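**Q** Next comes the sequence, and after it the predicted model I'd like to discuss.
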Amino acid sequence: MGFPSLFVRKMRWSLTAWGYLFFISPVLIALYFSFFYLHPFLATDQTVQGEVLVVDGWLSDSSLQEAAVFFNQGNYQYLIVTGGPISRGSYLSPYKTYAELGAATLRGIGFEKNKLYLSIPAPVIKDRTFATALSVKETIKSLPAPVSAIDVYTEGIHARRSLMLYELAFGDALRIGVTSAETKHYDAQEWWKSSAGVRQVINESIAYLYARFIFTPPLTAES
């Protein structure tokens, strides 16, 4: 009886250099487009030059100042500031919502009060942008003149999702446009080189995919 064998020879398939390239190429292409095209896709600019400019009240002071300049350079008649409850510091501040805070900031830099309106959405724990759009829809009904189109002024990569959700909230009632304020937290051209850029782009990409493929508006929003 011979000594038992400790090794066995088996045939094994393995990838060639071309095989590795074939399977890795889609990943490399996806990374390339993510680095150079994802941010511009999310931070879209599609203005329609309507009668109303809708501004997110949570924008920075400098962005709100830029929004006022944008308003004056356009053919807008009214500016609606939006925003729900302030999540931090509300006990110390006379302003309880971002709409109130944003409006106060705009008044502080000299914006005309008779053109300024507030839209404060009901407090929600999710789908805040859609709730804001519904609130703006109601606010527009109270304006003294008819409105055929609006532009939403928001920050950077929030623009694409804002446009989609406003269009969903308004339906065919109005034409909706959007413009994105310059991002102040990171370099938009090289967003992957900062933690703030990576974090915000990933979070907004996930939020956009959720809104695009999963989110369903409540039945009450269709009225």
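**A** Cool, got the structure.
**Q** What's the local residue count around T139?
**A** For T139, the neighbour count with other CB atoms under 10 Å is 21. (Glycine included, C-beta is placed from N, CA and C.)
**Q** What are the boundaries of the strands in this protein?
**A** Taking DSSP state E as the criterion, the chain carries its strands at 52-56, 78-82, 116-119, 149-155, 175-181.
**Q** Would you tell me which of the ones you listed gets closest to A104?
**A** Set against A104 and scored by CB to CB, these come closest in strand 78-82, at 9.2 Å.
**Q** In CSV, could you pull the C-alpha coordinates for the closest one?
**A** Below are the C-alpha coordinates for strand 78-82, written out as CSV (Å, rounded to 0.1, in the frame of the first residue of the first chain):
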residue,chain,number,x,y,z
TYR,A,78,-42.7,88.1,-6.8
LEU,A,79,-40.2,86.2,-4.7
ILE,A,80,-41.5,83.4,-2.5
VAL,A,81,-39.2,82.2,0.3
THR,A,82,-39.8,78.7,1.5
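**Q** and the angle for that strand with strand 52-56?
**A** For strand 78-82 against strand 52-56, the angle by axes from the mean of the first three to the mean of the last three CA atoms, to 10 degrees is 20 degrees.
**Q** Run a quick neighbour tally on P40.
**A** Using other CB under 10 Å, P40 has 14 neighbouring residues.
**Q** for this structure, which spans come out with low pLDDT?
**A** Counting by pLDDT under 70, the chain contains low-confidence ranges at 1-2, 219-223.
**Q** Grab the most central residue of this protein for me.
**A** H158 (1.5 Å; CA atoms, centre = their mean).
**Q** Give me the neighbour count for the closest residue to that one other than its chain neighbours.
**A** The shortest distance from H158 to any non-neighbouring residue, by CB to CB, 6 or more residues apart in numbering, is to E204 (6.5 Å). E204: 20 surrounding residues under other CB under 10 Å.
**Q** residues in contact with E204?
**A** Shown in contact with E204 (CB atoms under 8 Å, 6 or more residues apart in numbering): L42, I157, H158, R161.
**Q** Just among these, which is most surrounded?
**A** Neighbour counts for those peak at I157, which has 27 neighbours (criterion: other CB under 10 Å).
**Q** In this model H39 seems to touch that one, though I could be wrong.
**A** Yes - here I157 reaches H39: they are 6.3 Å apart, a contact under CB atoms under 8 Å.
**Q** would you turn the strands of the chain into JSON lines with mean neighbour count and distance to V198?
**A** Converted to JSON lines, the strands of the chain look like this (neighbours: other CB atoms under 10 Å; distance: least, CB to CB, whole Å):
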{"stretch": "strand 52-56", "mean neighbour count": "26", "distance to V198": "22"}
{"stretch": "strand 78-82", "mean neighbour count": "26", "distance to V198": "27"}
{"stretch": "strand 116-119", "mean neighbour count": "19", "distance to V198": "32"}
{"stretch": "strand 149-155", "mean neighbour count": "24", "distance to V198": "17"}
{"stretch": "strand 175-181", "mean neighbour count": "22", "distance to V198": "18"}
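**Q** Next, the nearest residue to Y98 once chain neighbours are set aside: phi, psi?
**A** Among residues not flanking Y98 along the chain, G83 sits closest, at 2.6 Å (CB to CB, 6+ apart). Note on G83: its backbone torsions stand at phi 150, psi 140 [degrees, to the nearest 10].
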